[in-house]
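Engineer: sequence first, then the predicted structure, then my questions.
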Amino acid sequence: MSSVISVRGLKKSYGSTQAVAGIDINIAQGEIFALLGPNGAGKTTTVEILEGFRTRDSGEVSVLDTDPALKGEAGRIWRNRIGIVLQSTSDAGDLSVKDTVAHFAKYYSNPRDVEEVVSAVGLEEKSNELIRTLSGGQRRRLDVALGIIGSPELLFLDEPTTGFDPEARRAFWALIKGLRDNGTTIVLTTHYLDEAEALADRVAVINRGVIVEVSTPALLGGRATSLATVSWLGVDGPKSERTDNPTALVRKLTETYQGEIPELTVKRASLEDIYIEMIGGADVHK
Amino acid sequence: MSTNRISKNKVPGALAIGIARGGLEVKQFMRQRESVVFTLAFPIMLLAIFGSVFTNELTDGVTFSQYFVAGMIASGLVNTGFQQLAIMIPVERDFGTLKRLRGTPMPASSYFIGKAIVVFVTMVIQVFLLLIAGVLFFGVNLPTDPAKWLTFTWLILLGSAASTSLGIAFSVIPKSGRSASAVVSPVVIILQFFSGVFFVFTDLPAWMQQVAAIFPLKWMTQGMRSVFLPDSFAAAEVAGSWETGRSFLIILAWFIAGLIISIRTFKWDRQK
């Protein structure tokens, strides 16, 4: 698979603070790649360099075979192929949803159908309403609509589902997966670990300007092989046991209880558990 | 996918996007009802106030209202362009509107063209209403000489353009949208006093006249006087003539200076 984003030895400092201290990333075409990391870890700086908003101090960066620092006409041709959904945008809102999306469509050589995009983000009922009448979650979906109107090959999503209700989030995830299935590469930054788990093909954890690990959500931090916790209701109250062999334990319990084991759960470490451990671990190294 | 790639190497033209932005900006402006009413009615209110306070004739047949209407149109150029943009652009920067635009293939020139269009359209409506009110209620006489209307036309066009480019250039100075009005408004008000908008220019102290002569508003006001006052009045100007050619060159120079500063220093993002 061809590489849509390739980064080697990326560094960026602000004064004496090194925000990004040598990062390597490869993102393949058609994958959803999530960047996780605490505030101030260098996540935003890295993404803004990839988006062409910030300059870098050193390192090689190639995004769609182009240096994002490029300006002028070549920069426009490059931006024509990408979509960016920023963290927070709050326009004055005196235009309707449809007018705004239709206007942004004029910036691109190959825009998607306006009504189709408005429906895709679930705003068809709000199409003729002014932006200022939208709720926070609806505004966020408009941001996404403006990010995808140019039929981008690569889409950056920064905290896309902040302020969404659970139903809207699931609908949004389906939309993003649909884009990925049509070949769009997606770079996602998020604070929600369940979102990274539901969406991402691969996850990178950044802390203190370096990448701690890159893996699939299921394998991150040795999660798949970590100890499992088996809990059930024993005769004298709730019981719980940590084991690297949960199947054998459950089989043993089946024999003891002759059928259904009361309140049985088998739980692996959640992505969040692993993540917190990794961030804490990186702290210790410092 | 391969045909997709080829067509993606050609992006829509900057002028076409700029015109689309102009349409959008005008639509947005018209929907902000309070600011529409204020922008369009304020010059008429000022004309009413000054026209009622100063009822004397400056010379035979030239009322203060006649003198003042020239100043009001010229300062309208500064208000709708420079002042409006230098206050609104920092707000758009705070809202993230500019950063979002920066992330699209829209070039900076299209954004500037859009601003120039909304300033020009607002200006035309404002002048139209001001002249109607002036003629109907304050005894303002409109020129009949086509040459004067020609001067009027280029003054509005070049004046709007210069005011736009200077407003965009100045927009980097306010640190935030909230402080913008406090930074920009005093500049405009002082310039209006110095440039002979509220008072007869030649009545001002010489040092004030000299300071004003550096800035474009003085030349816009003088140019507008050449349109609305009889030619006999030219003798009463500082130079003893309208200096139309000089006005043109000075306003043009400010337009170019504003444009160069805008292109070099424009900020899309608050953080940088």
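Structural biologist: Received, thanks.

Engineer: just the buried positions in stretch B:254-262, please.
Structural biologist: Under the neighbour-count criterion of 16 or more other CB atoms under 10 Å in any protein chain shown, stretch B:254-262 has B:W254, B:F255, B:G258, B:L259, B:I261, B:S262 buried. Yep, even glycine has a C-beta here, placed from its N, CA and C like the rest.

Engineer: A:E260: which of those residues is nearest?
Structural biologist: Of all the buried residues of stretch B:254-262, B:S262 has the smallest distance to A:E260: 74.4 Å, by CB to CB.

Engineer: got a pLDDT number for that closest one?
Structural biologist: pLDDT recorded at B:S262 is 95.

Engineer: pretty sure it contacts B:T164?
Structural biologist: No. With contact defined as CB atoms under 8 Å, B:S262 does not count as touching B:T164 (9.0 Å).

Engineer: what's the burial count for A:L253?
Structural biologist: Per other CB atoms under 10 Å in any protein chain shown, the neighbour tally for A:L253 reads 17.

Engineer: for it, list the residues it contacts.
Structural biologist: For A:L253, the contacting residues are A:V230, A:W232, A:I261, A:L264, by CB atoms under 8 Å, 6 or more residues apart in numbering or on different chains.

Engineer: what does chain B put close to chain A?
Structural biologist: Applying CB under 8 Å from any CB of the partner chain, we find that chain B lies next to chain A at B:1, B:4, B:7-12, B:16-17, B:20-21, B:24, B:27-28, B:31-32, B:95-97, B:99-100, B:102-107, B:269, B:272.

Engineer: mind running it again at 7 Å?
Structural biologist: Residues of chain B found near chain A (CB under 7 Å from any CB of the partner chain) are B:4, B:7-12, B:17, B:20, B:24, B:27-28, B:31-32, B:95-97, B:99-100, B:102-107, B:269.

Engineer: can I get the buried residues of stretch B:254-262 in JSON lines including secondary structure?
Structural biologist: Output for the buried residues of stretch B:254-262, formatted as JSON lines (DSSP: H, G, I helix; E, B strand; the rest coil):
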{"residue": "B:W254", "secondary structure": "helix"}
{"residue": "B:F255", "secondary structure": "helix"}
{"residue": "B:G258", "secondary structure": "helix"}
{"residue": "B:L259", "secondary structure": "helix"}
{"residue": "B:I261", "secondary structure": "helix"}
{"residue": "B:S262", "secondary structure": "helix"}
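
Engineer: out of those, the closest to B:P205 would be?
Structural biologist: Once CB to CB is applied, the member of those that ends up nearest B:P205 is B:W254, at 23.5 Å.

Engineer: residue of the stretch 151-286 of chain A closest to chain B, please.
Structural biologist: Residue nearest to chain B within the stretch 151-286 of chain A (CB to the nearest CB): A:G183, separated by 7.2 Å.

Engineer: ok, how many other residues are close to that residue?
Structural biologist: Residues near A:G183, counting by other CB under 10 Å, number 11.

Engineer: right, and it touches A:G30 too?
Structural biologist: Yes. If you go by CB atoms under 7 Å, A:G183 and A:G30 touch, sitting 5.2 Å apart.

Engineer: can you tell me the SS state at A:G163?
Structural biologist: Quick answer, by three-state DSSP: A:G163 is coil.

Engineer: which residues touch it?
Structural biologist: Counting by CB atoms under 7 Å, 6 or more residues apart in numbering or on different chains, A:G163 makes contact with A:G136, A:G137, A:R140.

Engineer: of these - the most surrounded one?
Structural biologist: A:R140 (23 neighbours).

Engineer: quick check: which element contains that one?
Structural biologist: helix A:136-148 (DSSP states H and E).

Engineer: once you drop chain neighbours, what's closest to the residue in the stretch 101-250 of chain B positioned nearest to chain A?
Structural biologist: Nearest residue of the stretch 101-250 of chain B to chain A, counting by CB to the nearest CB: B:G103, 3.7 Å away. Closest residue in space to B:G103, ignoring its immediate chain neighbours: A:I84 at 3.7 Å, by CB to CB, 6 or more residues apart in numbering or on different chains.

Engineer: my read: that neighbour touches A:F156, true?
Structural biologist: Yes. If you go by CB under 7 Å, A:I84 and A:F156 touch, sitting 4.8 Å apart.
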